[in-house]
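>>> only geometry, no sequence info:
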């Protein structure tokens, strides 16, 4: 299963490199189902891996000037605060047994996994549907307060489930900050890097030293994927690839919900 898991790491990086988001949402399921790591611990590992992988992906965008630093500040600062509060306090406040429903006992790990699955479904729908924006015709930017509110929401999501939230950040930056899609992708990657590391460092004390080797190995393999994906992105149509990946994420999210609630 480990070999399949590392293949999944390549796919995760490949997707992130190709479409600028979405790939990181595969990390937690890979860690939980292919490496048998506890869900809570997997969200911490995911933050570290996603942060480093996104850092690799952001390098080319930084060189090309595809980062809007004003949006990083407006969106990123509230997001970072939300990540820190969620990871340092909210996650720790969730009880070991959240609730009991009939014969199903929803533990803390199961609760976070189900939240993650729901997030996957929303991510899938956002990738499947045709976007209402383009570089040629962008809507007028709303109030900056909406961008700040979105940053708070994405930060909470990142802290809870360990996903970078690129599928939410990119549309928000295009629609609310009025950025071209390529600049939104570059800016999103920088925000993901900051959020992921803040979230990871907020609860790094519980991570054993022996786990660093595994996380760095996973990251190294994912980084190969993101470099390949970045190169292929110039040749592959994003319009065709994104909905195809969306259907894959939809199937994965549905599988997690069915397996954890009905096939345990």
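Noted; the coordinates are in hand. Remember, predicted model here, so these are calculated numbers, not experimental data.
>>> Name the nearest residue to residue 2, sequence neighbours excluded.
Closest residue in space to residue 2, ignoring its immediate chain neighbours: residue 35 at 6.7 Å, by C-beta to C-beta, 6 or more residues apart in numbering. Every residue, glycine included, has its C-beta placed from N, CA and C.
>>> Over to residue 117?
Excluding the flanking residues, the one nearest residue 117 by C-beta to C-beta, 6+ apart is residue 256, at 4.0 Å.
>>> How many residues are close by that neighbour?
By the criterion of other C-beta atoms under 10 Å, residue 256 has 21 neighbours.
>>> pretty sure residue 195 is touching residue 162, no?
No. Residue 195 is beyond contact range of residue 162, at 10.4 Å (criterion: C-beta atoms under 8 Å).
>>> which residues of the stretch 1-150 of the chain fall in helices?
Secondary structure of the stretch 1-150 of the chain (DSSP state H, counting those that start in this stretch): helices at 2-19, 27-29, 39-63, 69-85, 91-93, 108-128, 144-161.
>>> quick one, helices of the stretch 151-264 of the chain?
Counting by DSSP H, counting those that start in this stretch, the helices of the stretch 151-264 of the chain are 166-176, 181-201, 211-232, 238-262.
>>> could you dump those to a markdown table with distance to residue 15?
Below are the helices of the stretch 151-264 of the chain laid out as a markdown table (distance: least, C-beta to C-beta, whole Å):
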| stretch | distance to residue 15 |
| --- | --- |
| helix 166-176 | 10 |
| helix 181-201 | 13 |
| helix 211-232 | 7 |
| helix 238-262 | 6 |
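>>> With residue 7 as the reference, name the closest of these.
Smallest distance to residue 7 across these (C-beta to C-beta): 8.6 Å, for helix 211-232.
>>> what's the spacing between that closest one and its chain's center?
Centre-to-centre, helix 211-232 and its host chain are 15 Å apart (C-alpha atoms, centre = their mean, to the nearest Å).
>>> List the contacts of the closest residue to residue 32 other than its chain neighbours.
The shortest distance from residue 32 to any non-neighbouring residue, by C-beta to C-beta, 6+ apart, is to residue 42 (5.2 Å). Contacts for residue 42 were tallied using C-beta atoms under 8 Å, 6 or more residues apart in numbering; they are 27-28, 31-32, 162.
>>> Which of those residues has the largest number of neighbours?
When the contacts of residue 42 are compared by neighbour count (other C-beta under 10 Å), residue 162 ends up highest, at 30 neighbours.
>>> So the residue nearest to residue 2 sits against residue 5, correct?
Yes. The criterion here is C-beta under 8 Å, and residue 35 meets it with residue 5 at 5.2 Å.
>>> Which neighbouring elements make contact with the helix-or-strand element of the chain with minimal mean pLDDT?
When the helices and strands of the chain are scored by mean pLDDT, DSSP states H and E, helix 166-176 comes last with a mean of 76. Helices and strands touching helix 166-176, by 3 or more C-beta pairs under 8 Å, 6 or more residues apart in numbering; DSSP states H and E, are helix 69-85, helix 108-128, helix 144-161, helix 181-201.
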